[in-house]
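Participant: Requesting a structural model of the entry that follows:
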Amino acid sequence: MKADSENIFVVAENCLYSGDVEAILACTQQAGIFFKSNGLNFEDNGSPRSVKEAQFPERPLLLPPKEMPKRSLNTVLGVQAFFHAIAHIEFIAIYLAWDLLYRFRGLPLEFYHDWLSVAVEEAEHFSMIREHLLAMGVDYGDYPAHNGLWTVAEDTADDLLMRLAFVPRYLEARGLDVTPPMIEKFNHLGDYKSAAILQRILDDEVRHVKLGSYWFKYVCSERGLNDEESYLKFIRQRFKGAPTGGVLNKELRYKAGFSPFELEGLEHWESD
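Facilitator: Numbers count the residues shown, from 1 in each chain. This next block holds a predicted model:
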């Protein structure tokens, strides 16, 4: 890493606009090391580049979510495809954390500390899943992946409040609902390694979503908005239906900063 890359926004830009998997992982890991040794500065270095200029690897092939093939976890191919999909989600999550940090300036220093820590953990998740894939004889990029996640980042590039509502508090929060049943499924199949990997990711994601909740409420307070009502209003305007069909893991969502009012609104979304 070059000397000038010790500025956090330069590091973020290097990650977002390189398009190289290994470079992004190395850059993110080293940023975490520099942060622990007080080797990063957080001085604003000017305007961010356009979100639409972000560079991604040539592989995997990106398809609309509805075009992604369906596979069973009862087959080797199905397990490979499942973890490839998770790897892609975690890889894009690295971008999402870096972009949140990079794009929105003038916030308390803790905001940048928090989302750097998320980027580092998402990179750890990706590396862990990639190692799991390699043990199964495939690598990231060998299967197609869907292109829906980054579209939300592009659409919320000008509004921090919408970004926080849509990414950590809607898209990422869905993992709190769907991952526990997947852990149970792999344990039932006797694939305890896969279950343990998913459990590690789930434990970290609760904290990531909780950070999204904290900063969403912070921005709402700064703008004089009711955070609970605003959250439900924003996501209903953007998304067609409740996350995971309204089947919510209330215990984990409470831990991640959701209120009873918000959860009731999500549960009854379909019947509105």
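Participant: Just the residues contacting stretch 80-90, thanks.
Facilitator: 60, 68-69, 71, 73, 122, 125-126, 129-130, 132-133, 136-138, 140, 142-143, 145-146, 149, 194, 198, 201 (C-beta atoms under 8 Å, 6 or more residues apart in numbering). (Each C-beta comes from the backbone N, C-alpha and C, glycine too.)
Participant: same check, this time on stretch 171-179
Facilitator: Residues outside stretch 171-179 that contact it (C-beta under 8 Å, 6+ apart): 93, 149, 152, 198, 201-202, 205-206, 208-209, 212, 243-244, 247-249, 252-253, 256, 258.
Participant: low pLDDT regions in the stretch 101-250 of the chain?
Facilitator: By pLDDT under 70, the weakly predicted segments of the stretch 101-250 of the chain are 244-246.
Participant: And the strands in it, which stretches?
Facilitator: Per DSSP state E, counting those that start in this stretch, the stretch 101-250 of the chain carries strands over the ranges 145-146.
Participant: Quick check: end-to-end length of stretch 67-82?
Facilitator: One end of stretch 67-82 sits 15 Å from the other (C-alpha to C-alpha, to the nearest Å).
Participant: model confidence over it, on average?
Facilitator: The pLDDT scores in stretch 67-82 average 86.
Participant: got the buried residues for that stretch?
Facilitator: 68, 79-82 (16 or more other C-beta atoms under 10 Å).
Participant: Leaving out the residues flanking it, which one is nearest to Met162?
Facilitator: Residue nearest to Met162 in three dimensions, not counting chain neighbours: Thr156, with 4.3 Å by C-beta to C-beta, 6 or more residues apart in numbering.
Participant: do the same with Tyr192
Facilitator: Phe186 (7.4 Å).
Participant: and what of Leu248?
Facilitator: Distances taken as C-beta to C-beta, 6+ apart place Asp177 nearest to Leu248, at 5.5 Å, with adjacent residues excluded.
Participant: roughly how far apart are the one you found and Val206?
Facilitator: As defined by C-beta to C-beta, to the nearest Å, Asp177 lies at a distance of 12 Å from Val206.
Participant: Mind listing the shared neighbours of those two?
Facilitator: Leu252.
Participant: re earlier: run through the residues that contact the residue nearest to Met162.
Facilitator: Taking C-beta under 8 Å, 6+ apart as the definition, contacts of Thr156 comprise 162-163, 166-167.
Participant: In a markdown table: the residues you listed, plus distance to Pro108 and neighbour count.
Facilitator: As requested, these are arranged in a markdown table below (distance: C-beta to C-beta, whole Å; neighbours: other C-beta atoms under 10 Å):
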| residue | distance to Pro108 | neighbour count |
| --- | --- | --- |
| Met162 | 19 | 19 |
| Arg163 | 16 | 25 |
| Phe166 | 22 | 21 |
| Val167 | 19 | 23 |
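Participant: Buried subset of the contacts of stretch 80-90, written for PyMOL?
Facilitator: In PyMOL, a selection of the buried entries from the contacts of stretch 80-90 looks like this (16+ other C-beta under 10 Å):
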select buried, resi 60+68+122+125+126+129+130+132+133+138+140+143+145+146+149+194+198+201
